[in-house]
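Asker: Model the structure of this input:
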Amino acid sequence: MRDLRRRDALTLFAALSAALLAAGPTGLARADEAGRGQQKLARLVLHGVPATPSVVLARLVESGALAPLADTVELAIWRTPDQMRAGVVSGAMTLFVAPTYSCANMRNRGVPIRQVNVLTWGLLYLMSRDQTVRRIEDIAGKTVLVAFRNDAPDLIVRLVLRRLGLDPDRDVTLQYVGSSTEAAQLFLAGRGDLAALPEPAATATEIRAAKEKLPIHRAVDVTEAYGRLTGRPAGIPQAGLAVRDDFLQAHPEIVAAVHRGCVDSAHWVATHMSEAGALGAARLNLPAPVVARSIPHFRLNVVSAAEARLDLERYFSDLMEMSPAILGGNLPDDAFYWGPG
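Answerer: Take a look at the predicted model:
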């Protein structure tokens, strides 16, 4: 199903990766403890995903709590999965948020990374202009706009359709576009019957449709559908923080501080949605109210990879039922999962 030659080529360069660029995170109050006794870095860069979870990282940077660890703390947002993979393989990205399956795939293909935590447990929705579409079962025969073929959200849509007993290549028409923003714009312009959109694109579409009096609604919570079809609670360990091994070996205290900071920052985001929306607006190139309204829809819950291992392996195994190549042929090894078990 998948053409992984581009990823294979990236992996061949893993052994030639350049020395680490100084990179990293930010944290909250307990970061002072992590900063004691270790050399302060000149620069830390944390790389975020182009979706609502980056609001958590924006809070980490804005808090200034990791100032004892670095003279400069920055947040950069990667824009495409290929850009993220290339940055990780080359060593340009050392602490980064990415889809968990993509991290497992890179690990299995020789890229030295580990999963630190899971940040979001499902943020994908099907938006529909047909008011009769209310469940995943209703999309048979429809055209669905989807971004990033052979990456999220495409893989998750395919996974849920297969669980339903539908053939994604025959029973629906998946029309691929270059990004979730493009999918939203085309859908609002009248293309497709549905659009598979992550947050905050789903909320942005909902708000604009209401303003323009377009009959568009949030028809299907894909995460809820996945849980119902698998007999599990609604939750997909979809994306989280990962780290290159060389950075982890050199700065284990920083990685631990970042994880703890993510936990604290997530609590702040959940209880200060308006302020969090303002923090995320510039990063995600969206109005602050859109980002703020998207926060309740992305199932924010920070759990270490070791603690989330069972959920991760169930999700990975479901993906491998479609094609083992999605994970690089196997479940990742024990060392992939950072944190206390």
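
Asker: Lowest average confidence across helices and strands of this protein, where is it?
Answerer: Every helix and strand in the chain was compared by mean pLDDT, DSSP states H and E; the lowest is helix 5-12, with a mean of 42.

Asker: Give me the below-cutoff pLDDT ranges for the stretch 1-150 of the chain.
Answerer: 1-38 (pLDDT under 70).

Asker: distance of the residue most central in space within the chain from Ser102?
Answerer: In the chain, the residue lying closest to the centroid (Cα atoms, centre = their mean) is Ala239, at 3.6 Å. According to Cβ to Cβ, to the nearest Å, Ala239 stands 9 Å off from Ser102. Every C-beta, even on glycine, is put in place using the N, C-alpha and C of the backbone.

Asker: Then Val172?
Answerer: 24 Å.

Asker: Quick check, Cys103 in contact with Ile113.
Answerer: Yes. Cys103 is in contact with Ile113 according to Cβ atoms under 8 Å; the separation is 5.9 Å.

Asker: Please enumerate the shared neighbours of the two.
Answerer: Common neighbours of Cys103 and Ile113 are listed as Ala242 (criterion: Cβ atoms under 8 Å, 6 or more residues apart in numbering).

Asker: returning to what we had before: isn't the residue nearest to the centre of the chain right next to Asn117, touching?
Answerer: No. With contact defined as Cβ under 8 Å, Ala239 does not count as touching Asn117 (10.0 Å).

Asker: Near Lys40, how many other residues are there?
Answerer: Lys40: 11 surrounding residues under other Cβ atoms under 10 Å.

Asker: cool, and Leu119?
Answerer: 30.

Asker: Residues contacting the one helix or strand it maps to, please?
Answerer: Counting by DSSP states H and E, the element that carries Leu119 is strand 117-120. Applying Cβ under 8 Å, 6+ apart, the external contacts of strand 117-120 come out as 51-53, 56, 97, 100, 237-241, 259, 262, 266, 298-305, 308, 311-312, 338-339.

Asker: picking up where we left off before, how much space separates the residue nearest to the centre of the chain from Ala42?
Answerer: Distance of Ala239 to Ala42, computed by Cβ to Cβ: 29 Å.

Asker: Now do stretch 319-331, average pLDDT.
Answerer: For stretch 319-331, the mean pLDDT works out to 95.

Asker: do stretch 161-168 as well
Answerer: On average, stretch 161-168 scores 95.

Asker: Ends of that stretch, what's the gap?
Answerer: For stretch 161-168, the separation between the terminal residues is 6 Å (Cα to Cα, to the nearest Å).

Asker: just how off-centre is it within its chain?
Answerer: Computed by Cα atoms, centre = their mean, to the nearest Å, the chain-centroid distance of stretch 161-168 equals 23 Å.

Asker: Would you mark the buried spots in that stretch?
Answerer: By 16 or more other Cβ atoms under 10 Å, the buried positions in stretch 161-168 come out as Leu161, Arg163, Leu164, Leu166, Pro168.

Asker: mind listing what's buried in stretch 304-320?
Answerer: Ser304, Ala305, Ala306, Ala308, Arg309, Asp311, Leu312, Tyr315, Phe316, Asp318, Leu319, Met320.

Asker: any residues touching it, and which ones?
Answerer: 100-101, 104, 114-118, 155, 159, 163, 230, 232, 235-237, 240, 259, 326-327, 331-332, 336-341.

Asker: at 7 Å instead, please
Answerer: 100-101, 104, 115-118, 155, 159, 235-237, 240, 259, 326-327, 331, 337-341 (Cβ atoms under 7 Å, 6 or more residues apart in numbering).

Asker: Please write out the alpha-carbon positions of that stretch in CSV.
Answerer: C-alpha atoms of stretch 304-320 as CSV (Å, rounded to 0.1, in the frame of the first residue of the first chain):
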residue,chain,number,x,y,z
SER,A,304,5.2,9.1,29.4
ALA,A,305,5.9,6.6,26.5
ALA,A,306,6.7,3.8,29.0
GLU,A,307,3.3,4.3,30.8
ALA,A,308,1.5,4.5,27.4
ARG,A,309,3.3,1.5,26.0
LEU,A,310,0.3,-0.8,25.9
ASP,A,311,-1.9,1.7,24.1
LEU,A,312,0.9,2.5,21.7
GLU,A,313,1.5,-1.1,20.8
ARG,A,314,-2.2,-1.7,20.3
TYR,A,315,-2.3,1.2,17.9
PHE,A,316,0.9,0.2,16.2
SER,A,317,-0.4,-3.4,15.8
ASP,A,318,-3.6,-2.1,14.2
LEU,A,319,-1.6,-0.1,11.7
MET,A,320,0.6,-3.1,10.9
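
Asker: Give me the distance from that stretch to the chain's centre.
Answerer: 15 Å.

Asker: any idea which of the buried residues of stretch 161-168 is the one closest to Val290?
Answerer: Leu161 (28.4 Å; Cβ to Cβ).

Asker: Mind pulling up the pLDDT for the nearest residue to Val177 once chain neighbours are set aside?
Answerer: Nearest residue to Val177 in three dimensions, chain neighbours excluded: Ala183, at 4.9 Å (Cβ to Cβ, 6 or more residues apart in numbering). On the pLDDT scale, Ala183 is placed at 97.
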